[in-house]
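# any chance you could fold what I've pasted below:
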Amino acid sequence: MAATLGAEKSTPGDAITNADDASEFEDLINIKLNKNLSELHPIFNTIDELRKQILFMSLKLRKSWSQAEFLTVGIGTLAIIIGAITFDGELQNGGDFLKVGIGPLGNGGLSAVSAASFFQLILSIGCWIFFLYRIWNHYPLMRGQSVSLIIMWFSITIMAIAAHNGAPKFPFEFSSDSFTTLLGAFVVTIFLGIVFSRAVLETRDLHVEEKFQNKDPRIMAESLYNHSLFGWVATLIIWSFIAFISSWAGAHYVAVRPHGSWIWQLTYVIFGSFSTFGICILLWYPQLMLGAGERVIMSKRAREVDDMLLGEEIWKEEVGKCPDCDAPSPVTRGRDGLPNLNCSVENCEGRGPINSKCTLCDENIPSRIKCEKCGISAPAVKHLSDQEAW
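Residues are numbered from 1 along each chain as shown. Take a look at the predicted model:
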């Protein structure tokens, strides 16, 4: 899947070292494939476009990834290996399937696990936590979406386990024992996949609209194409299948115990390693496209709700101050933009907009304030800023 860059050719000295350089996304349109399958038949146009965009992603990865990103993938892979292979042979031997539970005391569950295997379990959990910490540190714009992706992976795992319940040789046999769990996990997986992809796609649209606005629709169309996520969406779908194969192999190895083949164990490790690599790809590419200074990646509706909540949080009641000496005054302005003042009648605790009737004693709320510090009397509105109410 070799390709050439249209007018520009990169040299080793031109390698991108900043993973947040969004300006480098202007050359997707210059990628040319050496061999187009569409020459055989137009039906292959989509495949050519997919090849082109995946190649573009791989070129960006080679230029922008450093040892830190590969170390993160290595930590995730290590977590899978440590959790899948017990070096004292306990998992390979099958154990006692009658001992179940997570209670640390008694004769079953975790208490029946050897010390070495239990240590591996804790070490694997620690590696997973460190893996999550690193991807959140590398891709801060994708923190919220990374949670959706991790839960999606967990749902895929539940789906593979449920498929083996009552049918250890799935897919060569099938049981309806956990059909509800299987269906529920499948629905959750599809839902999270749609939410995750829509959040990235809609944030991409907003980014192009704000950063590459142009009156010429042809230039806008070119900018949108240079930020195309067709290859990224395809990567998300491919990752889902890889994650399922990994989960299926792991569940299949355990389901037919104590005679599970090491082939399924090896398949689980290999495809699980590709899954951790895929997670990093799915989080890295949108962050690279949008740059480090962009807003958090979320869907259009989530952004509207977030802005609405943020507007409520940042709104504070304005407190007036004397226009002459800047001393605090009793007048305030609420969200409705009206200046409010205490009733001037002694011992009355009423309060309301100036020139209105007091709700307690029916007297007029005064419209002027005498500053207690400097003694200057001025209209109450002068004690407030002259900004628009909204």
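
# from here on, just use CA atoms for contacts and neighbour counts.
OK.

# now do the biggest helix by length in the chain: which elements does it pack against?
For the chain, the longest helix by residue count, based on DSSP state H, is helix 179-211. With contacts taken as 3 or more C-alpha pairs under 8 Å, 6 or more residues apart in numbering; DSSP states H and E, helix 179-211 sits against helix 143-164, helix 217-226, helix 262-290, helix 300-314.

# contacts for stretch 124-139?
Identification of contacts with stretch 124-139 by C-alpha atoms under 8 Å, 6 or more residues apart in numbering yields 69, 72-73, 75-76, 78-80, 82-83, 142-143, 146, 280, 283-284, 287.

# buried ones among those?
Among these, those that count as buried by neighbour count (16 or more other C-alpha atoms under 10 Å) are 69, 72-73, 75-76, 78-80, 82-83, 142-143, 146, 280, 283-284, 287.

# next one: Val254 from Ala167, what distance?
Relative to Ala167, Val254 is positioned 12 Å away (criterion: C-alpha to C-alpha, to the nearest Å).

# can you check what angle separates the longest helix of the chain from helix 143-164?
Inter-element angle recorded for helix 179-211 and helix 143-164: 160 degrees (by axes from the mean of the first three to the mean of the last three C-alpha atoms, to 10 degrees).

# tell me the mean pLDDT for helix 179-211?
Looking at helix 179-211 alone, the average pLDDT works out to 83.

# buried ones in that helix, by neighbour count?
Of the residues in helix 179-211, those buried by neighbour count under the rule 16+ other C-alpha under 10 Å are 181-182, 185-186, 188-189, 192-193, 195-204, 207-208.

# strand partners of the strand ranked longest in the chain, parallel vs antiparallel please.
Among the elements of type strand in the chain, defined by DSSP state E, the one spanning the most residues is strand 328-333. With DSSP bridges as the test, strand 328-333 is paired with strand 318-321 (antiparallel), strand 339-342 (antiparallel).

# for those, give me CSV that also has mean neighbour count and mean pLDDT.
As requested, those are arranged in CSV below (neighbours: other C-alpha atoms under 10 Å; pLDDT from 0 to 100):
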stretch, mean neighbour count, mean pLDDT
strand 318-321, 18, 77
strand 339-342, 22, 80
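
# for Phe271, which of these is the nearest?
Taking C-alpha to C-alpha, strand 318-321 is the member of the strands paired with strand 328-333 nearest to Phe271, at 58.5 Å.

# and for the closest one, what's in contact with it?
Residues external to strand 318-321 that are found in contact with it (C-alpha under 8 Å, 6+ apart): Ala327, Pro328, Ser329, Pro330, Val331, Thr332, Arg333, Gly334, His383, Leu384, Ser385.

# same question for stretch 342-358.
330-331, 338-341, 359-361, 363-367, 380.

# lowest-confidence entry in the residues you listed?
Summarising pLDDT for the contacts of stretch 342-358: the lowest-scoring member is Leu338, with 71.

# mind checking pLDDT for the spatially closest residue to it that is not a sequence neighbour?
The spatially closest residue to Leu338, leaving aside those adjacent along the chain, is Pro353, at 6.2 Å (C-alpha to C-alpha, 6 or more residues apart in numbering). Here, the pLDDT recorded for Pro353 equals 81.

# for Ile16, same thing?
The pLDDT attached to Ile16 in the predicted structure is 35.

# and Phe244, by the same measure?
Per-residue confidence (pLDDT) for Phe244: 91.

# now for the helix or strand containing it, which elements pack on it?
Assigned by DSSP states H and E, Phe244 belongs to helix 230-255. Counting contacts by 3+ C-alpha pairs under 8 Å, 6+ apart, helix 230-255 packs against helix 45-64, helix 143-164, helix 262-290.

# now Cys325: phi and psi?
The phi and psi torsions at Cys325 (degrees, to the nearest 10) take the values phi -120, psi 0.

# so that it lines up with my notes, have the first residue be 123 from now on.
All right, first residue 123 from here; so that's Cys447.

# does it really touch Cys496, like I thought?
Yes - because the distance of 6.9 Å satisfies C-alpha atoms under 8 Å, Cys447 is recorded as touching Cys496.

# excluding chain neighbours, what is closest to the residue nearest the centre of the chain?
By C-alpha atoms, centre = their mean, the mean C-alpha position of the chain lies nearest to Gln267, the distance being 1.3 Å. Distance criterion C-alpha to C-alpha, 6+ apart; nearest residue to Gln267, sequence neighbours excluded, is Phe318 at 6.1 Å.

# so how far is Ser236 from the one you found?
In this view, Phe318 and Ser236 are 40 Å apart by C-alpha to C-alpha.

# how about Cys493?
Using C-alpha to C-alpha, Cys493 is found at 79 Å from Ser236.

# who has more neighbours out of the two?
The neighbour comparison of Cys493 against Ser236 (other C-alpha atoms under 10 Å) goes to Cys493, with 21 against 13.

# now do the same contact list for that one.
Taking C-alpha under 8 Å, 6+ apart as the contact definition, Cys493 lies against Cys444, Ala449, Ser451, Ser499.

# give me the phi and psi angles of the first one.
So the one you mean is Cys444. Main-chain torsions, Cys444, degrees, to the nearest 10: phi -60, psi 130.

# ok, now which ones touch the closest residue to it other than its chain neighbours?
Sequence neighbours aside, His505 is the residue nearest to Cys444 in space, at 5.3 Å (criterion: C-alpha to C-alpha, 6+ apart). By C-alpha under 8 Å, 6+ apart, the contact list for His505 reads Gly442, Lys443, Cys444, Pro445, Ser451, Val453.

# mind running it again at 10 Å?
Counting by C-alpha atoms under 10 Å, 6 or more residues apart in numbering, His505 touches 441-446, 448-454, 461, 490-491, 493.

# what do you get for Leu304?
For Leu304, the contact set (C-alpha under 10 Å, 6+ apart) comprises Ser277, Ile278, Ile280, Met281, Ala282, Ile283, Ala284, Ala285, His286, Asn287, Ser298.
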